[in-house]
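Chemist: coords below, sequence missing:
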């Protein structure tokens, strides 16, 4: 008995020692250098706003960095959309090299649309069994970005690195260091965020709204019985959504309610949020379960019942899809800091757009997201001692999208009363990022290089341009006889045998090219080139009758701005809208609203999907930036150069700490 | 015409395919090979048979924020 106990003790000690060695190896590798590179990635930080807040004395840490180091506008990507821009940053290539051209891509053969950066697919094979469909094998999550990101080069050279929440990295690319996926990570339903709103308000229209679902309920004997909606259950015929029942007991007098589901019970006051609640959806009895997490917000108990439930996020403690490297890391992190938003775009902009949230509620939720990000930062940054550390913050981007209208009196949705309350919301988020920089600066010594950068800047989004309507009105798109617009079937009624060009995504204009599109009619070569020039000239000439301003200020031909194997896989022309303009909400997926130009009345009131020269990002460093006009594609080469690694030929940028001439300019976007 | 068909795979390649199938979590090498062929043929021919309704696509994408 005693011997057994001794052996167990020895084995435990050995296991512990092995674990320690492994964890040291993970952090250390074989690298012997002592250089540190810190990269703070701030989505949507705008150079004009940053300069203004610094000059007003509201961002002392950025002021210090500007004074003691350097600050430049950072040329963004073509088009300036986050998945494209961050891919430029991480690979040192433009869209021709990494293959991401827009949030939305299309399959030229089927014209099926999909999110450009990743795809989640169910299992391919199955056996039907009664009402069940038993899948063979498991579903897959596929990353669609091509090209090797900077941290894989660092891995090759055994340089320790950690990369938190960088966009366009879901599922996370294989890595030796710690990575956590960011923008592009879906919720448990496979969407990019679908909230649910339960209400007994008879005026609420039940059913799907943009990015959410309104579920009508009845309060009977002070109780509401409803179901939480989970992922589609591919084990069942027709793959209906898996559901889990929950009960809400509403206090008949006080504005409180008790929510109960599975083995959990908690009480919320009106206006109160729950923490993260784990939920398990049973897909197949006793075998197939999937775990998620969600938060509840009791918007109103009386007189109307209104309960918001966040999108069901992948549970980091038991991820249904890969969200970190190593795969166990998200669990370790959740044990240290608690559960957290795993869906890529965590700020619930759609709840605000749908009127489920008001500005106050949206900002509260956004601050929770930032607080979670800061908690991860505060946990991980002190552990960083050498190699490279990248950390991403989304808050400035999403809040600039939603709150611009209350900062800009010229915006059509500006409201002076709301502006008095929330007009400084964007500024407050900038100040929080300044605080993060304040935590970093004391750790920057002479062995450290610091880069603070954003992927693009920001501009107002006042007016929408419906590109497909313009193409229709000008004869480039022809619809079938008697076609009636049907939002649910965009492009379904297009007569492809007479259509020459079409718009998909936020900046993409495609020709209906013979040999590429399934029913292409434009011949490659002379006819293609003539049509491109014609479209370019005509669209650059479009003026807004409201103010006589040009709507489009750039039209970049893919053949002129992209290099690499995917140069011809995306749009043929990248449409660069003027400041104040963007592709209309419905034209993006191929629909035809009646008007070519219309006011943007959505709370989503700031944007950046326009002429890339109008929305540069920022680049700051503690070292002197030699490049006069640095671009996002320079960042990966800069990172490699910091560690003495030769950049590969397909990286088109250069280290920003080397002096460069104008010859660098071509094709870096 | 559309029945199953046996394909001969030489020893070393088969061994590699078996390793890949195991590493990637496929239930068998047959499933792995079939999936790879599906993927590659789709690249060349497109996949008009596998369509997701535009409504479903729209629902998935709306959470990105840029789409109404």
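Modeler: That came in fine, so what should we check first? Source: prediction; values computed, not measured.

Chemist: which residue does the stretch 1-150 of chain A have closest to chain B?
Modeler: residue A:109 (2.7 Å; Cβ to the nearest Cβ). Bear in mind the C-beta positions are built from the backbone N, C-alpha and C, glycine included.

Chemist: so, low pLDDT: which residues of the chain?
Modeler: Looking at chain A here, since you left the chain open. Applying pLDDT under 70 to chain A flags the ranges A:1-30, A:122-130, A:132, A:134-139, A:286-287, A:485, A:488, A:660-667.

Chemist: that's the wrong chain, I meant chain B
Modeler: In chain B, residues with pLDDT under 70: B:1-4, B:24-25, B:41-54.

Chemist: what's the biggest helix in it, counting residues?
Modeler: Longest helix in chain B, counting residues (DSSP state H): helix B:29-45.

Chemist: do it and chain A meet at all?
Modeler: Yes - with Cβ under 8 Å from any Cβ of the partner chain as the criterion, chain A is reached by helix B:29-45 at B:31, B:34-35, B:38, B:45.

Chemist: residues contacting residue A:43?
Modeler: For residue A:43, the contact set (Cβ atoms under 8 Å, 6 or more residues apart in numbering or on different chains) comprises A:82, A:167, A:183, A:392-394, A:396-397, A:454-455.

Chemist: quick one: name the residues of the stretch 551-669 of chain A near chain B.
Modeler: Residues of the stretch 551-669 of chain A lying near chain B (Cβ under 8 Å from any Cβ): A:585-586, A:588-589, A:602, A:604, A:609.

Chemist: rewinding a little: distance from the chain centre to the longest helix of chain B, please.
Modeler: Relative to the centre of its chain, helix B:29-45 is centred 5 Å away, using Cα atoms, centre = their mean, to the nearest Å.

Chemist: show me what counts as buried in that helix.
Modeler: Neighbour-count burial for helix B:29-45, counted by 16 or more other Cβ atoms under 10 Å in any protein chain shown, picks out B:29, B:31-35.

Chemist: can you pull out the helices in chain B?
Modeler: Going by DSSP H, chain B shows helices at B:11-24, B:29-45, B:54-62.

Chemist: same question but for the stretch 401-550 of chain A, I mixed them up
Modeler: Along the stretch 401-550 of chain A, counting by DSSP state H, counting those that start in this stretch, helices occupy A:416-422, A:425-440, A:467-473, A:526-540.

Chemist: which strands and helices sit next to the second one?
Modeler: So that's helix A:425-440. Applying 3 or more Cβ pairs under 8 Å, 6 or more residues apart in numbering or on different chains; DSSP states H and E, one finds that helix A:425-440 contacts strand A:36-42, helix A:47-55, helix A:60-68, helix A:359-380, helix A:395-403.

Chemist: residue A:521 and residue A:58, how far apart?
Modeler: 56 Å (Cβ to Cβ, to the nearest Å).

Chemist: over to residue A:337?
Modeler: 28 Å.

Chemist: then residue A:387?
Modeler: Residue A:387 sits 33 Å away from residue A:58, going by Cβ to Cβ.

Chemist: please say which of these two ends up with more neighbours.
Modeler: residue A:387 (23 against 16; other Cβ atoms under 10 Å in any protein chain shown).

Chemist: show me what contacts the more buried one?
Modeler: Residue A:387 touches A:31, A:35-37, A:154, A:159-162, A:177, counting by Cβ under 8 Å, 6+ apart.

Chemist: if you set the cut-off to 7 Å instead, what comes out?
Modeler: By Cβ atoms under 7 Å, 6 or more residues apart in numbering or on different chains, residue A:387 lies in contact with A:31, A:159-161.

Chemist: name the nearest of these relative to chain B.
Modeler: residue A:161 (24.0 Å).

Chemist: the closest one: neighbour count?
Modeler: Residue A:161, neighbours per other Cβ under 10 Å, totals 27.

Chemist: over to it: give its phi and psi.
Modeler: phi -160, psi 150 (degrees, to the nearest 10).

Chemist: the one 3 residues further on too?
Modeler: Torsion angles at residue A:164 (phi, psi; degrees, to the nearest 10) stand at phi -110, psi 120.

Chemist: tell me the bridge partners for it.
Modeler: residue A:180, residue A:391 (DSSP bridges).

Chemist: how many other residues sit next to it?
Modeler: Here the count is done by other Cβ under 10 Å, and residue A:164 has 22 residues near it.

Chemist: one more: residue A:529?
Modeler: 12.

Chemist: which one of the helices of the stretch 401-550 of chain A is the most hemmed in?
Modeler: helix A:467-473 (a mean of 22; mean count of other Cβ atoms under 10 Å in any protein chain shown).

Chemist: residue A:253: which of the helices of chain B is closest?
Modeler: Among those, helix B:54-62 comes nearest to residue A:253, with 38.6 Å by Cβ to Cβ.

Chemist: is the closest one in proximity to chain A?
Modeler: Yes - using Cβ under 7 Å from any Cβ of the partner chain, we find that helix B:54-62 touches chain A at B:54-55, B:57-62.

Chemist: nearest to residue A:49, of the buried residues of helix B:29-45?
Modeler: Checking the buried residues of helix B:29-45 against residue A:49 by Cβ to Cβ gives residue B:35 as the nearest, at 47.9 Å.

Chemist: format the helices and strands packed on helix A:425-440 as a markdown table; extra columns: mean neighbour count and distance to residue A:438.
Modeler: As requested, these are exported to a markdown table (neighbours: other Cβ atoms under 10 Å in any protein chain shown; distance: least, Cβ to Cβ, whole Å):
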| stretch | mean neighbour count | distance to residue A:438 |
| --- | --- | --- |
| strand A:36-42 | 23 | 11 |
| helix A:47-55 | 18 | 14 |
| helix A:60-68 | 16 | 4 |
| helix A:359-380 | 18 | 12 |
| helix A:395-403 | 26 | 16 |
